[in-house]
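> The sequence and its predicted three-dimensional model are supplied below.
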Amino acid sequence: EHYERVQDGIKWAKRIKKIGSRVAAGEVGKAFDIIKEGISDLTVGGEMYLYLVDELTGEPVRAKGWPLIITTPADLVPKLLPLMQVGIRAMCIYNGTA
């Protein structure tokens, strides 16, 4: 179990390094490809759909981008949320919006 966690940590650290390298090299498109690959590891399937519903007619709204597909997150996602919160807070402090 611990070995698998260490391997996951190493994999994510390498991804973050690749993303940073691509952004620094001006290859933002390639960085987004790496991000998309990582996001696919954070979902395990079990798709659900979020629809907007017209209050007058009770019918689902048919518009571009709707319905939103919601997938079941992997077990790792709740563990990453505190780290994401710290990152967002750090960016706010850095930008002077905190």
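Arrived safely. Residues are numbered from 1 along each chain as shown.
> what helix or strand does the residue nearest the centre of the chain sit in?
Taking C-alpha atoms, centre = their mean, the centroid of the chain lies closest to residue 39, which sits 5.2 Å from it. Secondary-structure assignment from DSSP states H and E places residue 39 in helix 28-41.
> packing partners for that helix?
Secondary-structure packing of helix 28-41 (3 or more C-beta pairs under 8 Å, 6 or more residues apart in numbering; DSSP states H and E): helix 2-24. Any C-beta I mention is one placed from the backbone N, CA and C, and that applies to glycine too.
> Next one: the nearest residue to residue 8 once chain neighbours are set aside from residue 52, what distance?
Closest residue to residue 8 in three dimensions, ignoring its sequence neighbours and counting by C-beta to C-beta, 6 or more residues apart in numbering: residue 76, at 6.9 Å. With the distance defined as C-beta to C-beta, to the nearest Å, residue 76 ends up 30 Å from residue 52.
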